[in-house]
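Colleague: Show me how the following folds:
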Amino acid sequence: MHKTRTTFVHWRPNMLRDAMTKLKTWKDKAQRKPLILRGARQTGKTWLLKEFGRLEFDSLAYVDLLASSRAREVFDGDFDIPRIVSALSVESGTRIEAGKTLIVLDEIQEAPRALTALKYFCQDAPCYHVATAGSYLDIAKHEGTSFPVGKVNMLSLEPMSFLEFLDAIGEGAAAEALRKEGAAGIDPALSGKMEQLLREYLFVGGMPEAVGSFVAERDYSAVREVHSEILDAYDLDFSKHAPVRILERMRLVWEGLPAQLAKESRKFVYGAVRPGGRARDFEEAIRWLADYGAVHRVSRASALRAPLTAYRDERAFKLFCVDVGLLGALAHLQPSVLLGRARRG
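Modeller: Numbering: from 1, shown residues only. So this is what the prediction gives:
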């Protein structure tokens, strides 16, 4: 019989995200602009903005531009801010007050004119706190979208760090010790426990839903099932947003990440993706994966001198998966490989 698994999309106990501090700083900036919170799918952008609104404002006007065609149509007219604010107030069911209400426009990549409207919020109505979230904003730049350059503040949200993971699973004391002392300052008697916690993080990763599954069930199979669902969602996104001409090459690069990182080579090897492969065959596919947020491209430095960017060699680079848990799922890594005898669940 198939085991029914609870989905933890809305699970967030002790979700102490470091980005919350940055959001609070943005709120109080004298020269504040509309905010774009970007990041890969499933990194917790929606929850973070809702929680920010709940904690720091009198009210929250939340609008999902993917779910509501009516909300998208609000931006089909002119860019008159009073008209837009009034319409968003009706759509969200919240009376919007400048300085007291956080306006959240979720999935903003689905409404290019909403992205353009941020320019007019910045120029004509800076009194409003407007925060947006989206997963494919860098990709939108490739498609002729009028991006409000210089009129927005940008913030990126990555998967949960090791310290955030420790806070979430009830190991706040360990997290605090690492924050204060660093790894070198930890009592040697605790090194075994710290190593085991790190091994757990390397398997679970930092995707909030995977962390939620781990906290609730302590079942590594259930965690891996979450990873598989996220990977399936990524693949569907690739099919939806990427040009058909590069889709196969994107998948080859994406699915080949574990093999690339396992090699001793100091740079990405195109021939390992496909025999005879060259840079020109995969450059666009790699750029799309990076813009989507699925991979980080890290270039080699030709010399260890400051600033490192002056010695960056763009021809020699490595690709790293956005999340270590997803990387393990791509590699079909079994829990016993990382956890050994100390495996729980």
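Colleague: doesn't Arg297 fall inside a strand?
Modeller: Yes - assessed with DSSP: H, G, I helix; E, B strand; the rest coil, Arg297 lies in a strand.
Colleague: could you list every residue that touches it?
Modeller: For Arg297, the contact set (C-beta atoms under 8 Å, 6 or more residues apart in numbering) comprises Ile286, Ala290, Phe317, Lys318, Leu319. Where you see a C-beta, it was placed from the backbone N, CA and C, and this is true even at glycine.
Colleague: Just the buried ones out of these, please.
Modeller: Ile286, Phe317, Lys318, Leu319 (16 or more other C-beta atoms under 10 Å).
Colleague: List the contacts of the third one.
Modeller: Read it as Lys318. Applying C-beta under 8 Å, 6+ apart, the residues contacting Lys318 are Gln260, Leu261, Arg266, Lys267, Phe268, Arg297, Val298, Arg300.
Colleague: Pick out the lowest-pLDDT one from these.
Modeller: Confidence by pLDDT is poorest for Arg266 among the contacts of Lys318, given 86.
Colleague: can you count the residues close to it?
Modeller: Neighbourhood size, Arg266 [other C-beta atoms under 10 Å]: 10.
Colleague: give me phi/psi at it?
Modeller: phi -90, psi 10 (degrees, to the nearest 10).
Colleague: how near is it to Arg70?
Modeller: 53 Å (C-beta to C-beta, to the nearest Å).
Colleague: re earlier: ok, the contacts of Arg297 vs Ala114, which is closest?
Modeller: Closest to Ala114 out of the contacts of Arg297 is Ala290 (24.1 Å), distances taken as C-beta to C-beta.
Colleague: Report the separation between the nearest residue to that closest one once chain neighbours are set aside and Pro335.
Modeller: Of all residues not flanking Ala290 in the chain, Arg297 sits nearest, at 5.1 Å (C-beta to C-beta, 6 or more residues apart in numbering). Distance from Arg297 to Pro335, counting by C-beta to C-beta: 29 Å.
Colleague: show me what contacts the residue lying closest to Asp64 once chain neighbours are set aside?
Modeller: Excluding the flanking residues, the one nearest Asp64 by C-beta to C-beta, 6+ apart is Asp106, at 4.8 Å. Contacts were defined as C-beta under 8 Å, 6+ apart; by that measure Asp106 touches Lys45, Thr46, Leu49, Tyr62, Val63, Asp64, Leu65, Leu66, Thr132, Ala133, Gly134.
Colleague: Please, a ChimeraX command that selects the buried ones among those residues?
Modeller: In ChimeraX syntax, the buried subset of these is picked out as below (16+ other C-beta under 10 Å):
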select :45,46,49,62,63,64,65,132,133,134
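Colleague: on that earlier part again, among the contacts of Arg297, which lie within helices?
Modeller: Counting by DSSP state H, the contacts of Arg297 place Ile286, Ala290 in helices.
Colleague: The contacts of Arg297: which two are farthest apart?
Modeller: Among the contacts of Arg297, Ala290 and Lys318 lie farthest apart (C-beta to C-beta), at 12.2 Å.
Colleague: can you give me the helices for the stretch 101-250 of the chain?
Modeller: Counting by DSSP state H, counting those that start in this stretch, the segments of the stretch 101-250 of the chain that form helices are 112-124, 137-141, 162-168, 172-181, 191-204, 208-217, 220-241, 244-255.
Colleague: who are the neighbours of the first one, in terms of helices and strands?
Modeller: Counting by 3 or more C-beta pairs under 8 Å, 6 or more residues apart in numbering; DSSP states H and E, the packing neighbours recorded for helix 112-124 are helix 81-92, strand 129-134, helix 137-141.
Colleague: what separates that helix from the chain centre, distance-wise?
Modeller: The gap between where helix 112-124 is centred and where its chain is centred comes out at 23 Å by C-alpha atoms, centre = their mean, to the nearest Å.
Colleague: Pull out the buried residues from that helix.
Modeller: Pro112, Ala114, Leu115, Thr116, Ala117, Leu118, Lys119, Tyr120, Phe121, Cys122.
Colleague: tell me the contacts of the fourth one?
Modeller: Listed by C-beta under 8 Å, 6+ apart, the contact set of Thr116 reads Phe75, Phe79, Thr145, Ser146, Pro148.
Colleague: Going through those residues, which ones are buried?
Modeller: Looking at the contacts of Thr116 with 16+ other C-beta under 10 Å, the buried ones turn out to be Phe75, Phe79, Pro148.
Colleague: From Phe79, how far off is the closest residue to the first one other than its chain neighbours?
Modeller: Taking C-beta to C-beta, 6+ apart as the measure, Phe75 lies nearest to Arg113, with 4.0 Å between them; neighbours along the chain are not counted. Remark: distance between Arg113 and Phe79 (C-beta to C-beta) = 8 Å.
Colleague: Over to Ile286?
Modeller: 36 Å.
Colleague: just the buried residues of helix 112-124 now: which is nearest Gly53?
Modeller: Phe121 (16.4 Å).
Colleague: wait, doesn't that closest one sit right on Pro34?
Modeller: Yes - using C-beta atoms under 8 Å, Phe121 is in contact with Pro34, at 5.0 Å.
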